[in-house]
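# Structure for the following, please:
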Amino acid sequence: VEFAGEAEEVEDGYRFSVVGKGTATITFTSVDNPSVSATCTVTVKKRVTRMSFDGDVYDMYNDGEVNHGTLTFYPTDADFDIDNLTINVNADDLPENWVAAEVNQLDMADGILQLEIVPRALCQYYSIEFIYAEPTDEGTDPLVQSVEGSIREKVTLGSGWSWVSFISAGVSVYEIENALVEARSREQLVFNDAEWGLFGDLSWMDQSQAYKLNIKDQLETGEVVLYPMEGDGATEIAPKSFDKGWNWVSYPYEFRYAVEDIFAAANFSENDMILSKDGGFMQRNAAGEWEGSLTELVPNQGYMIYCNAAFELEMRQRTELEQGYFRNIAPEEAPSRMRSVWNYDASKFANTMAVVAKVDIENTDDYTIGAFVGEECRGEGKFINGKAFISVAGKNGDVVTFRLYNKWTEEFTDITTEVMFTDMAGSIKAPLSFGLLEGTTGIVDINTIDNNNVEAIYDITGRKVEQMTEGIYVIKVREGDKIVTKKVRK
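Now for the predicted structure:
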């Protein structure tokens, strides 16, 4: 410590003036008895006098993205103590024990604290309050810096068909006119004509139902982003009325939940079904449980729900559910996209068919099933409790065939059964019976096959090819009056 001038005697002792910060030892010696002295150590710190926040957090979204900001303390060489900083996040329209956002402290250098702000729930208004209080500043007001904003809904669509729903508010179809090919609701539609623009009776999409949207293939960004208009994320979730037959159902929650958590099977009838665009489906079995390939419900996705009788369902409120996390999962990383050997693009089609089938094979967990129209793969299925639950993308008039794939032997087997594309075929109670094409064998050398008897060649993904390079293929070979499937190596 650099002292400024001499010590000044005051009523209760001595007053020292210092310049700068540091530590000094002060010794007091008795004038009358110089052998008597007392010593004290004084530490002088530079006080934080102001702080400011910088960061774009006025509008944050439910897209799983993390926001960043900085909190700067002045003067920048002040003696900052992180333990003196309190951060409060406030929001009035959230359930108890939910948080609007998390604020994580990262690095601190040169008076600047790096922050990570993670949105956690949709809300019309939230605020972050930074409070800095020195413990020795009794009677002195702490430093306070506040920022505020909203956490809004953001819907991202890729090219092709999607089943979409909205959580907090609605969107005008004119907002996406330049990217839209067609939009459908259960009873309305709008089509974007190249010459005349939008025509049809669907102009507004809200939270009441699901929609089927077709987005143009050639977009500069490869995606369309919708920002529903201002809405209150804490609005009470209204009951849903289900008609007999197919219902276009929205998903009114910002987090993923298990099917049973939202649509309890006890409220539905046997053979009622919940169908997703490309994530599988569930059907209620005789035991009163959901059974199938749909594991969870996803925010901003729409669902087709088939009911055998009309009824009204009281929906669970946010206050009854645990708070989750926003998740930003690329389509190729999503569970519904984690495919084995089947290569298909469900976004080319507006509709999905649900097929429940039974195949006379052992160890069904070792197999998956691919669905085809001609030589084009249109979907896949997996075995659950011995039955195959298959989702097929297509349109009316398509003739759908199937192929079985053994994950251990890598063998393909053609299934003899074919079905016409419709909404659903088979059920848990009465699954379709799939027959297998006889004659499937193990891997053989291509040189042992008579090329004149080869009917068709497929690569390991099930696509038909004209020529073979080095690798494994599946071929159809005519042997007498039978067509035999063989796996060959070239």
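# What's the first helix or strand after the lowest-mean-pLDDT helix or strand in the chain?
Across the helices and strands of the chain, mean pLDDT, DSSP states H and E gives its lowest value to strand 443-445, namely a mean of 60. Going down the chain from strand 443-445, the next helix or strand is strand 454-458, by DSSP states H and E.
# Not counting its neighbours along the chain, what's nearest Phe383?
If you skip the residues right next to it in sequence, Phe383 has Thr364 as its closest partner in space, 3.8 Å away by CB to CB, 6 or more residues apart in numbering. No exception for glycine: its C-beta is placed from N, CA and C like everyone else's.
# What count of nearby residues applies to that neighbour?
Per other CB atoms under 10 Å, the neighbour tally for Thr364 reads 18.
# wait, what's in contact with it?
Counting by CB atoms under 8 Å, 6 or more residues apart in numbering, Thr364 touches 383, 386, 388.
# Minimum pLDDT in the residues you listed, which residue is that?
Ranked by pLDDT, those bottom out at Gly386 (92).
# That one: what's it in contact with?
Counting by CB under 8 Å, 6+ apart, Gly386 touches 358, 364.
# make it 7 Å
Taking CB atoms under 7 Å, 6 or more residues apart in numbering as the criterion, Gly386 is in contact with Thr364.
# any idea how far it lies from Pro431?
Distance, Gly386 to Pro431, by CB to CB, to the nearest Å: 9 Å.
# now Ala101
Separation of Ala101 from Pro431 (CB to CB) stands at 47 Å.
# now Ile131
63 Å.
# more crowded one of these two?
The neighbour count for Ile131 versus Pro431, taken as other CB under 10 Å, is higher for Pro431 (18 against 15).
# From what I see, that one and Val355 are in contact.
No: under the criterion of CB atoms under 7 Å, Pro431 is not in contact with Val355, lying 8.8 Å apart.
# Strands of the stretch 1-150 of the chain, residue ranges please.
Per DSSP state E, counting those that start in this stretch, the stretch 1-150 of the chain carries strands over the ranges 2-3, 8-10, 13-15, 18-19, 22-29, 37-44, 50-54, 59-61, 67-74, 85-90, 101-109, 112-119, 123-132, 143-152.
# which of those has the lowest average pLDDT?
strand 2-3 (a mean of 70).
# Next, count neighbours for Asn285.
Using other CB under 10 Å, Asn285 has 17 other residues around it.
# Please tell me how far it sits from Ala91.
Using CB to CB, Asn285 is found at 41 Å from Ala91.
# Mind putting the strands of the stretch 1-150 of the chain into JSON lines with distance to Asn396?
Formatted as JSON lines, the strands of the stretch 1-150 of the chain follow (distance: least, CB to CB, whole Å):
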{"stretch": "strand 2-3", "distance to Asn396": "89"}
{"stretch": "strand 8-10", "distance to Asn396": "97"}
{"stretch": "strand 13-15", "distance to Asn396": "94"}
{"stretch": "strand 18-19", "distance to Asn396": "88"}
{"stretch": "strand 22-29", "distance to Asn396": "84"}
{"stretch": "strand 37-44", "distance to Asn396": "83"}
{"stretch": "strand 50-54", "distance to Asn396": "57"}
{"stretch": "strand 59-61", "distance to Asn396": "38"}
{"stretch": "strand 67-74", "distance to Asn396": "46"}
{"stretch": "strand 85-90", "distance to Asn396": "51"}
{"stretch": "strand 101-109", "distance to Asn396": "47"}
{"stretch": "strand 112-119", "distance to Asn396": "42"}
{"stretch": "strand 123-132", "distance to Asn396": "43"}
{"stretch": "strand 143-152", "distance to Asn396": "38"}
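# Relative to Asn351, which of the ones you listed is closest?
Nearest to Asn351, of all those, is strand 59-61, at 30.0 Å by CB to CB.
# helices or strands up against that closest one?
strand 143-152 (3 or more CB pairs under 7 Å, 6 or more residues apart in numbering; DSSP states H and E).
# quick one: low-confidence ranges for the chain?
The model of the chain has pLDDT under 70 over residues 1, 3-5, 137-139, 218-224, 226-235, 328-340, 437-446, 448, 460-462, 482.
# all helices for it, in order.
Counting by DSSP state H, the chain has helices at residues 259-262.
# Send over stretch 16-31 as PDB, restricted to the C-alpha atoms.
What follows is stretch 16-31, C-alpha atoms only, in PDB (Å, rounded to 0.1, in the frame of the first residue of the first chain):
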ATOM      1  CA  PHE A  16      -4.600   6.700   7.000                       C
ATOM      2  CA  SER A  17      -5.000   7.700   3.400                       C
ATOM      3  CA  VAL A  18      -3.700   5.200   0.800                       C
ATOM      4  CA  VAL A  19      -3.200   5.200  -2.900                       C
ATOM      5  CA  GLY A  20      -3.800   2.000  -4.800                       C
ATOM      6  CA  LYS A  21      -4.500  -1.400  -3.400                       C
ATOM      7  CA  GLY A  22      -2.400  -3.900  -1.500                       C
ATOM      8  CA  THR A  23      -1.400  -5.100   2.000                       C
ATOM      9  CA  ALA A  24       0.500  -3.100   4.700                       C
ATOM     10  CA  THR A  25       1.600  -3.700   8.200                       C
ATOM     11  CA  ILE A  26       1.000  -0.800  10.600                       C
ATOM     12  CA  THR A  27       2.900  -0.600  13.900                       C
ATOM     13  CA  PHE A  28       1.800   1.600  16.800                       C
ATOM     14  CA  THR A  29       4.600   2.500  19.400                       C
ATOM     15  CA  SER A  30       4.000   4.100  22.800                       C
ATOM     16  CA  VAL A  31       5.700   7.500  23.000                       C
END
